[in-house]
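Asks: Okay, predicted coordinates and the sequence, questions at the end:
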Amino acid sequence: MTSTEAPKSGAREAVPDHLGHVIFITAAAAMGGFLFGYDSSVINGATVAIKDRFDLSADVLGWVTAIALLGCAVGAATAGRLADRIGRIRVMQIAAVLFTVSAVGSALPFAVWDLMMWRTIGGIGIGMASVIGPAYIAEVAPPAYRGRLASFQQAAIVIGIAVSQLVNWGILNMADSDQRGEIGGLEAWQWMLGVMVVPAVLYGLLSFAIPESPRFLISAGRHTEAKKVLTEVEGVGVDVDMRVTEIEEGMRSEHKSTFKDLLGGKFGFLPIVWIGIGLSVFQQLVGINVIFYYSNQLWQSIGQDPSSSFLYSFETSIVNIIGTVIAMIFVDRIGRKPLAIIGSAGMAVALFTCAWAFSYKTGSGDTASLPYGQGLTAIIAANAFVLFFALSWGVVVWVLLGEIFPGRIRAAALGVAAAAQWLANFAITKTFPSMSDWSLSGSYIIYGAFAALSIPFVLKFVKETKGKSLEEMG
């Protein structure tokens, strides 16, 4: 069967009888993405208070913020195999429990060491959610709607980031703009970290209301249940017996790629694997997560009051959503490479502009300030940076990573590229507090240089995948 032939079961053209129910199932699974975004960004509101509460150096603060990313790598590495053993829904429930435990523990730490432990546990949940959400959605979504439903995950992530900033801002106002101000016996930053227990519990409850993936049910020999789910999500017009046969044939023909399959190039990995690693690493080396993890600290370090800095962080998360929507609209219209190059150029200009504005910083701590013109320029440039990132590299990298690898190595290559991304994210997040103490302006010059270097990388090494089938990538 070629990629252009319609499946014998009629699944490709099928419209589910209850599309609203399918959307509910997808949205429930995408709650993992919401928690991914929420947990990744909520620490932004607490860094200044945590540093003050535990009297931390810049280096230790970097560890507190970044250590969750090591947990992410563990969660992402284990989620796939665990899901194949116990099912997609069970992995979602495990992630929900980890999120809940992390939220409670992070809100009530005895010392910095157990705060780091709770954040690592939450990171494992993030890693699991980042893998299982898209996989589950792809497996339950009707083929005719898969692309649109798959976008729920990315939309949920950026919405989670925005909501975390809005909640942080609301809690700060309740504490009279004091991140260590008391509310009901706890400091404001503790509430910020603890509130995540609400969406975490909701995610866990929703996981009991959605069906198991038909692909897992078939692999476990539970064909009757699989047929019921397929009828539920693809419609009664689909030949479910044939669909089961198609899924079984597809699973039998899959090549289980291994790390060894990625080797054989001049520098160890195959060239295409290095390109995937390059895309992942450049996505992080431009410093995007500095904005999402440290923007409150950043704005306060140049003289903004806490309430204003939290509002700017929320504003930036809205810009992130807008940019993501733009990318979703144009990624299939103008192509991956043009969008990436536009984004790189825009990010480089914005980052160098930030560096120029930050070079006018005077004083430190409570006496830090920027002249009005440079302060306004820094805020505009920071939002421009997030916009250009979101409309390009934020979405394009994930699209390219799903397309550029030949089928025989796709799974293993994606794993290596994702690991590289988590490690680069960790490196940037861990080093920013120390780098900003060294030179805030210098830090942004470095991030801008990486944005500029990504342009020749894309032009020389990345092939356009717009309009090509996955089979053509082999």
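Replies: Okay, I see it. Residues are numbered from 1 along each chain as shown.

Asks: Point out the other helices and strands that the lengthiest helix in the chain packs with.
Replies: Longest among the helix segments of the chain by residue count, using DSSP state H, is helix 410-461. Helix 410-461 is packed against helix 58-86, helix 271-285, helix 288-301, helix 336-358, helix 393-403, with contacts defined by 3 or more C-beta pairs under 8 Å, 6 or more residues apart in numbering; DSSP states H and E. For every residue, glycine as well, the C-beta is placed using N, CA and C.

Asks: Apply 6 Å and report the result again.
Replies: The elements that helix 410-461 packs onto, with contact taken as 3 or more C-beta pairs under 6 Å, 6 or more residues apart in numbering; DSSP states H and E, are helix 58-86, helix 271-285, helix 288-301, helix 336-358.

Asks: where do the strands sit along the stretch 51-200 of the chain?
Replies: Along the stretch 51-200 of the chain, the segments classed as strands by DSSP state E, counting those that start in this stretch run 182-183, 186-187.

Asks: What strands flank the first one, and is each parallel or antiparallel?
Replies: What it means is strand 182-183. strand 186-187 (antiparallel) (DSSP bridges).

Asks: any idea of the angle the helix or strand encompassing residue 320 forms with helix 393-403?
Replies: Assigned by DSSP states H and E, residue 320 falls within helix 306-330. Orientation check (axes from the mean of the first three to the mean of the last three C-alpha atoms, to 10 degrees): helix 306-330 against helix 393-403 gives 40 degrees.

Asks: Return the set of buried residues in helix 306-330.
Replies: The neighbour-count criterion (16 or more other C-beta atoms under 10 Å) identifies 306, 309-321, 323-328, 330 as the buried residues of helix 306-330.

Asks: Phi and psi next, for residue 331.
Replies: Dihedral angles of residue 331 (phi, psi; degrees, to the nearest 10) stand at phi -60, psi -30.

Asks: And residue 305, by the same measure?
Replies: Here is the backbone geometry of residue 305 (degrees, to the nearest 10): phi -70, psi 160.

Asks: confidence score at it?
Replies: With respect to pLDDT, residue 305 scores 74.

Asks: excluding its backbone neighbours, what's nearest it?
Replies: residue 177 (6.7 Å; C-beta to C-beta, 6 or more residues apart in numbering).

Asks: repeat for residue 133
Replies: residue 32 is the one closest to residue 133 (C-beta to C-beta, 6+ apart), at 4.1 Å.

Asks: same thing with residue 23?
Replies: residue 149 is the one closest to residue 23 (C-beta to C-beta, 6+ apart), at 7.4 Å.

Asks: any idea which of the strands of the stretch 51-200 of the chain is most buried?
Replies: strand 186-187 (a mean of 18; mean count of other C-beta atoms under 10 Å).

Asks: what about it, average pLDDT?
Replies: In this model, strand 186-187 has an average pLDDT of 92.

Asks: Ok, stretch 137-146 next?
Replies: Averaging pLDDT along stretch 137-146 gives 74.

Asks: Quick check: buried residues in stretch 262-270?
Replies: 262, 269, 270.

Asks: Residue 464 is in contact with residue 334, isn't it?
Replies: No - here residue 464 does not reach residue 334: they are 10.3 Å apart, not a contact under C-beta atoms under 6 Å.

Asks: that older thread, looks to me like the residue nearest to residue 133 is in a helix.
Replies: Yes - according to DSSP: H, G, I helix; E, B strand; the rest coil, residue 32 belongs to a helix.

Asks: count of neighbours near it?
Replies: By other C-beta atoms under 10 Å, 32 other residues sit near residue 32.

Asks: Which pLDDT value belongs to it?
Replies: In this model, residue 32 is scored at 86, pLDDT.

Asks: roughly how far apart are it and residue 439?
Replies: For residue 32, the distance to residue 439 equals 38 Å [C-beta to C-beta, to the nearest Å].

Asks: ditto for residue 199
Replies: Separation of residue 199 from residue 439 (C-beta to C-beta) stands at 38 Å.

Asks: and the two? which has more neighbours close in?
Replies: It is residue 199, of residue 199 and residue 439, that has more neighbours when counted by other C-beta under 10 Å, with 22 against 15.

Asks: Could you find the closest non-adjacent residue to the more buried one?
Replies: residue 35 (5.8 Å).

Asks: any idea which element the one you found lies in?
Replies: Using DSSP H and E, residue 35 sits within helix 19-42.

Asks: How much space separates residue 44 from residue 162?
Replies: 12 Å.

Asks: tally of neighbours for the closest residue to residue 262 other than its chain neighbours?
Replies: The spatial neighbour of residue 262 that comes closest, neighbours along the chain excluded (C-beta to C-beta, 6+ apart), is residue 273 at 4.9 Å. Neighbours of residue 273 under the rule other C-beta under 10 Å: 24.

Asks: ditto for residue 242
Replies: Residue 242 has 14 neighbours, counted by other C-beta under 10 Å.

Asks: again with residue 251
Replies: 11.

Asks: cool, and residue 419?
Replies: 15.

Asks: mind saving the C-alpha coords of the helix or strand hosting residue 203 as CSV?
Replies: Assigned by DSSP H and E, residue 203 belongs to helix 197-207. The C-alpha coordinates for helix 197-207 follow below in CSV (Å, rounded to 0.1, in the frame of the first residue of the first chain):
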residue,chain,number,x,y,z
VAL,A,197,-1.9,21.0,42.8
VAL,A,198,-5.3,22.2,41.3
PRO,A,199,-4.5,21.5,37.6
ALA,A,200,-2.5,18.4,38.6
VAL,A,201,-5.5,16.8,40.4
LEU,A,202,-7.8,17.8,37.5
TYR,A,203,-5.4,16.1,35.1
GLY,A,204,-5.5,13.0,37.2
LEU,A,205,-9.3,13.0,37.3
LEU,A,206,-9.6,13.6,33.6
SER,A,207,-7.4,10.6,32.9
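
Asks: Downstream of that helix, the next helix or strand is which one?
Replies: Next helix or strand after helix 197-207 toward the C-terminus (DSSP H and E): helix 214-219.

Asks: Which strands or helices does that following helix pack on?
Replies: So helix 214-219, by 3+ C-beta pairs under 6 Å, 6+ apart, packs with helix 223-234.

Asks: angle of the helix it packs on against helix 19-42?
Replies: Between the axes of helix 223-234 and helix 19-42, defined by the same axes, to 10 degrees, the angle is 90 degrees.

Asks: Only C-alpha atoms, please: export helix 223-234 in CSV.
Replies: The C-alpha trace of helix 223-234 is given here as CSV (Å, rounded to 0.1, in the frame of the first residue of the first chain):
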residue,chain,number,x,y,z
HIS,A,223,-9.2,-6.4,20.8
THR,A,224,-12.8,-6.0,21.9
GLU,A,225,-11.9,-2.9,23.9
ALA,A,226,-9.8,-1.6,21.0
LYS,A,227,-12.8,-1.9,18.6
LYS,A,228,-15.0,-0.1,21.1
VAL,A,229,-12.6,2.8,21.3
LEU,A,230,-12.1,3.0,17.5
THR,A,231,-15.8,3.1,17.0
GLU,A,232,-16.0,5.9,19.6
VAL,A,233,-13.3,8.1,18.1
GLU,A,234,-13.5,7.3,14.4
